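> okay, here's the prediction I keep looking at, along with the sequence it came from:
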Amino acid sequence: AARNKHYLGISTLDAHSGYTLIIRTMFFDEDNIDSGVANQALERTELYRQASSLPPAAQDKVYMRAALRFIRENPGLYLKHCLGNFWQFWRFYPRLDKTVGVHGAFFGKSRAGFALMSIATEPALLLLALLGLRLAWKERKAVELPCLFVAGTAFIHTCVIAQMRYRIPVMPFVILLAAYAAVSFFEKRHG
């Protein structure tokens, strides 16, 4: 907030929320290709030309108002975008459908190898976490706050913008719940 006050003249934590929302609502399909493609689509609009003469904070307000108007006028499409965001938040790694900005292999390994590793591990991790949550809830463990954090984070990114990397803050809780399930199963089996 202090940085934004110094550079932009406004005390706000986020000085680009309007831009983010407009990219993820009006230019959802382009953004799924690449954020640069979505930005180029925005730059071709009259709205961008009007906003570009304004200071950054005012630009962001223009984008926010336009995005909210788009949501009000297209609630079904926005809901569809939210479902897409939910999928992007919880999807497996890597995105094999992405071609823009991708340079072949990751760390010298094939993308297909990473996809196979992801499919072999992530579904099991997420299912084990759900089982761990069920067990912990049944045994009256204090899981409410971690669950609220995971649900709140997923909800915010579902409504605005989501990418798999935004899931990183919730993964420690997912891993802990999965570990709780694994330990519970081990203890039941081996006494």
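Received it, and whenever you're ready, just let me know what you need. Being a predicted model, the structure only gives us computed values, none of them experimental. Residues are numbered from 1 along each chain as shown.
> Tyr48: what secondary structure?
helix (DSSP: H, G, I helix; E, B strand; the rest coil).
> so it touches Leu42, yeah?
Yes - contact criterion CB atoms under 8 Å: Tyr48 and Leu42 qualify, at 5.2 Å. In this view, the C-beta of every residue, glycine as well, is placed from N, C-alpha and C.
> give me the more crowded residue out of these two.
Between Tyr48 and Leu42, counting by other CB atoms under 10 Å, Leu42 is the more crowded of the two (20 against 17).
> in a helix, that one, correct?
Yes - note on Leu42: a helix contains this position according to three-state DSSP.
> which parts of this protein are helices?
2-8, 17-25, 28-33, 35-43, 46-51, 56-73, 75-90, 111-138, 144-159, 171-190 (DSSP state H).
> average pLDDT across the first one?
The reference is to helix 2-8. If you average the pLDDT over helix 2-8, you get 65.
> one more: the longest one?
The average pLDDT within helix 111-138 is 88.
> buried residues of that helix, list them for me.
Arg111, Phe114, Ser118, Glu122, Leu128, Ala129, Leu131, Gly132, Leu133, Leu135, Ala136 (16 or more other CB atoms under 10 Å).
> need those in JSON lines (columns: distance to Asp34).
Below are these laid out as JSON lines (distance: CB to CB, whole Å):
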{"residue": "Arg111", "distance to Asp34": "16"}
{"residue": "Phe114", "distance to Asp34": "19"}
{"residue": "Ser118", "distance to Asp34": "21"}
{"residue": "Glu122", "distance to Asp34": "23"}
{"residue": "Leu128", "distance to Asp34": "33"}
{"residue": "Ala129", "distance to Asp34": "31"}
{"residue": "Leu131", "distance to Asp34": "36"}
{"residue": "Gly132", "distance to Asp34": "36"}
{"residue": "Leu133", "distance to Asp34": "35"}
{"residue": "Leu135", "distance to Asp34": "41"}
{"residue": "Ala136", "distance to Asp34": "40"}
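> against Met164, how distant is the closest residue in space to Phe92 that isn't next to it in sequence?
Closest residue to Phe92 apart from its sequence neighbours, by CB to CB, 6 or more residues apart in numbering: Ser118 at 4.3 Å. Distance, Ser118 to Met164, using CB to CB, to the nearest Å: 10 Å.
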